[in-house]
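Here is a sequence with its predicted model. Questions after.
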Amino acid sequence: MAKARSLRKRYILFELRGADLGEELLKRSLYNEALSFFGEFGLSYAALKLVSYDKAKKQGMLRCERDYLEKVLGFLALLDSLDGAPARVVALKSSGTIKSLS
């Protein structure tokens, strides 16, 4: 039996422009949009997760699988609304560690 590999993560620092959403609503909205974009199977491989979000700065951090980084960046670029309100999620930087993004 082959050994299961661990998740190879990449972190994306982003800025939310437009809608003024709290962390929980942002997480739910991003997940719903990603589900419609990737489908259940693709989203399970992308392993998308909202790590943190600062409402005052309107900046946050997403985690995804390394092999899906380009697809997640493309998904973020195509977003034009969240929870029915016009919003843009602009990726600022991506890295393999949280420390290098902070």
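Yes, it's here.

Tell me what Tyr53 is bridged to.
Gly60 (DSSP bridges).

which residues of this structure fall in strands?
Secondary structure of the chain, counting by DSSP state E: strands at 9-18, 49-54, 59-65, 81-82, 85-95.

could you say what helices and strands the third one packs with?
Secondary-structure packing of strand 59-65 (3 or more CB pairs under 8 Å, 6 or more residues apart in numbering; DSSP states H and E): strand 9-18, helix 23-46, strand 49-54. Using the backbone N, CA and C atoms, a C-beta is placed for each residue, glycine as well.

Which of the ones you listed sits closest to Tyr68?
helix 23-46 (4.2 Å; CB to CB).

what's the closest one packed up against?
Using 3+ CB pairs under 8 Å, 6+ apart: helix 23-46 touches strand 49-54, strand 59-65, helix 69-78, strand 81-82.

Could you point out which of the ones you listed sits nearest Ser36?
Closest among the helices and strands packed on helix 23-46, using CB to CB: helix 69-78, at 10.1 Å.

angle of that closest one against helix 23-46?
140 degrees (axes from the mean of the first three to the mean of the last three CA atoms, to 10 degrees).

could I get helix 69-78 in PDB with only the CA atoms?
The C-alpha trace of helix 69-78 is given here as PDB (Å, rounded to 0.1, in the frame of the first residue of the first chain):
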ATOM      1  CA  LEU A  69      -2.300  27.700  -7.300                       C
ATOM      2  CA  GLU A  70      -2.600  28.900 -10.900                       C
ATOM      3  CA  LYS A  71      -6.200  27.700 -11.100                       C
ATOM      4  CA  VAL A  72      -7.100  29.400  -7.800                       C
ATOM      5  CA  LEU A  73      -5.500  32.700  -8.900                       C
ATOM      6  CA  GLY A  74      -7.500  32.500 -12.100                       C
ATOM      7  CA  PHE A  75     -10.700  31.900 -10.100                       C
ATOM      8  CA  LEU A  76     -10.000  34.900  -7.900                       C
ATOM      9  CA  ALA A  77      -9.400  37.100 -11.000                       C
ATOM     10  CA  LEU A  78     -12.700  36.100 -12.500                       C
END
